[in-house]
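Trainee: Coordinates for the following, if possible.
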Amino acid sequence: MRPSQSHDNSQKNLFFSIILNIVITVSQVIGGFVSGSLALLSDALHNFTDVVSLIISYVASKFSAKSATSDKTFGYKRAEIMAAFVNSASLIIIAIILIKESIVHFLNPRTINSDLVIWLSALAIVGNGLSVLLLLKDRKSNMNLASAYFHLLTDMMASVAVLAGGLLMKFYSVYWIDSVLTFAIAVYLIFVGIKLFKNSFQVLMLYTPSDIDIESIVTKINSLPLVKNMHHVHIWQLNEFELHLEAEIDFEEDITLSKFDKLLVEIEGILLKDYGINHITIQPEFNKSDNKNIIVQD
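Mentor: Down below sits the predicted model:
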């Protein structure tokens, strides 16, 4: 199969997964209000975050073929990060509301239409199961689809918990279990939301990735022949796949451009192999009178 055909098939599988999850989410929202089940509504919220995640993955896949332009030199590479930031913030807020409601319902349990909970959670399990199967193969070769795959897998597990709660309500009239499941799912959503919010916020703020040691990089580059001092270093993450570094290097000698190019290839190899930095911009200097600190505020 040609790469373009494989890419098209991946997009089709992703599109079908989106449709399936939209159907599941709408069904669970309606069913949650009709049955009075908060657990079903919280599972619907989880499914909704999956729909958003899948749409982001689909759009990112579509836009990946687009070239950068003079007014969009980075293209649309940060759209996914922006969406993740907004999505995670709203997820945390809604989950907190669900926790509050679950406590109220636990203290004042009400009768719930358990049959509706059982059927709709079973529908969610089947729908998410099909989505997981659709993305099973593609997840091995595409990080974007791998992320969507694991979202769907965890959502299917949450639906299994809601189904178990529905069965307990139907056969044992244990209606407080709905509030307990709602609380548990909401706490899980907050955990996922905070992690996603933190990661997306750090990328948007151009923080140095936590696993990158700038001092180590400077020490290693300074040990190379002819390199006198690496300074004015900036390292940031553009998106999930691109890690950028820009820096100034003061050389021991007034080297030729061809010699600088040779050293640059060596520097790029070190930064890519040891630190995963794949976009590098170096400004060469010789006896320039400027601030030689590693970090310089522009």
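
Trainee: Just the strands from the stretch 101-250 of the chain, written as ranges.
Mentor: 227-237, 243-251 (DSSP state E, counting those that start in this stretch).

Trainee: so can I have CSV of the ones you listed showing mean neighbour count and mean pLDDT?
Mentor: C-betas here are computed from N, CA, C, even on glycine. As requested, those are exported to CSV (neighbours: other Cβ atoms under 10 Å; pLDDT from 0 to 100):
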stretch, mean neighbour count, mean pLDDT
strand 227-237, 18, 96
strand 243-251, 19, 96
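
Trainee: Got the confidence number for T256?
Mentor: Note on T256: pLDDT of 95.

Trainee: For it, what are phi and psi?
Mentor: phi -80, psi 160 (degrees, to the nearest 10).

Trainee: where's it relative to I30, distance?
Mentor: 72 Å (Cβ to Cβ, to the nearest Å).

Trainee: Give me the more crowded residue out of the two.
Mentor: More crowded of T256 and I30, by other Cβ atoms under 10 Å: I30, with 14 against 9.

Trainee: List the buried residues of the helix or strand hosting the more buried one.
Mentor: Element membership for I30, per DSSP states H and E: helix 3-35. Neighbour-count burial for helix 3-35, counted by 16 or more other Cβ atoms under 10 Å, picks out 7, 10-11, 13-14, 17-18, 20-22, 24-25, 27-29, 31-32, 35.

Trainee: again, but for stretch 98-113
Mentor: Neighbour-count burial for stretch 98-113, with 16+ other Cβ under 10 Å as criterion, is recorded at L98, I99, E101, S102, H105, F106, I112, N113.

Trainee: and if you look at stretch 283-298?
Mentor: So for stretch 283-298, counting by 16+ other Cβ under 10 Å, buried means P284, E285.

Trainee: That stretch - what's its average pLDDT?
Mentor: Averaging pLDDT along stretch 283-298 yields 89.

Trainee: K288 in helix, strand or coil?
Mentor: State at K288, reduced to three classes by DSSP: H, G, I helix; E, B strand; the rest coil: coil.

Trainee: Which residue is the nearest non-sequential neighbour of it?
Mentor: Closest residue to K288 apart from its sequence neighbours, by Cβ to Cβ, 6 or more residues apart in numbering: D250 at 6.6 Å.

Trainee: Show me the contact partners of stretch 221-232.
Mentor: Residues outside stretch 221-232 that contact it (Cβ atoms under 8 Å, 6 or more residues apart in numbering): 217-218, 247-253, 255, 259, 263, 266-267, 270, 283, 290-296.

Trainee: one more time with 10 Å
Mentor: 214, 217-220, 233, 246-253, 255, 259-260, 263, 266-267, 270-271, 282-283, 285-287, 290-298 (Cβ atoms under 10 Å, 6 or more residues apart in numbering).

Trainee: about what we covered before: quick check: beta-bridge partners of the residue nearest to K288?
Mentor: N229, E285 (DSSP bridges).

Trainee: got the contact list for it?
Mentor: 222, 227-232, 283-288, 290, 292.

Trainee: quick one: average pLDDT of the helix holding I30?
Mentor: On average, the pLDDT along helix 3-35 is 80.
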